[in-house]
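> A structural model of the following input is requested.
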Amino acid sequence: MENIIKYLNAELEERIDILWDDNGILWVDWREYDEEIIKCCEKFLKTGDLDGEARESENDMGFDIIIKFKGKEHIIEYKKEGTDRDTTIKTLNKVLSPDYEIRFWMDSIGSDTLGFFPKTSKFWKELEDEFGAEKVRKYFSIIDENSRMFDMNMNEIFKLMEELKK
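Residues are numbered from 1 along each chain as shown. Next up, the predicted model:
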């Protein structure tokens, strides 16, 4: 939390360097295996109860990605013909709620590897109470069903990058 507080207090020129090497960032490459994203998230949250699995299936992909959490299995429903990181992360975030929340680190946009912060919901609430929800959400975006992370075009990315400078 200490580095995130420093980050939120920092000026633009210093901001990115504070968190770039932080060991609390879940870095996700656009080519990442979806079940590995889930397994990596568990390494950060340490719930002892979260796992991901690719399981053979008779669907068009030939497999399903399963999120296992708190004794339940959740099949990720992909809208297109293959898996995609956006759907995996959005579904994982929904499964983890209300205890945990993954936020998208906006300063990581513009790359094929994006940064995410999986934390307790209490952590995000306390941060928003201290710095204001608007400021925290500007840099650590809430992920919901309408979120686009890996699926943005360059014009959207450049626009967001400009907004982050303000």
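> so which strand or helix has the residue located most distally from the centre of the chain?
Farthest-out residue of the chain from its mean C-alpha position, per Cα atoms, centre = their mean: E58, at 29.0 Å. Per DSSP states H and E: E58 is located in neither a helix nor a strand.
> OK, contacts around it?
E58 makes no contacts at all, as judged by Cβ atoms under 8 Å, 6 or more residues apart in numbering. Using the backbone N, CA and C atoms, a C-beta is placed for each residue, glycine as well.
> what segments of this protein are strands?
Applying DSSP state E to the chain gives strands spanning 26-29, 50-56, 63-69, 72-75, 100-105, 113-120, 140-142.
> for G62, give me its contacts.
Here G62 is in contact with E56 (Cβ under 8 Å, 6+ apart).
> pLDDT value on it, please?
Looking at G62, its pLDDT reads 82.
> ok, it to E156 distance?
32 Å (Cβ to Cβ, to the nearest Å).
> got the contact list for the residue nearest the centre of the chain?
Nearest to the mean C-alpha position of the chain, by Cα atoms, centre = their mean, lies F116 at 3.9 Å. Residues counted as contacts of F116 (Cβ under 8 Å, 6+ apart) are 25-28, 89, 102-105.
> how does it look with 7 Å?
Remark: with contacts taken as Cβ atoms under 7 Å, 6 or more residues apart in numbering, F116 is in contact with 26, 28, 89, 102-105.
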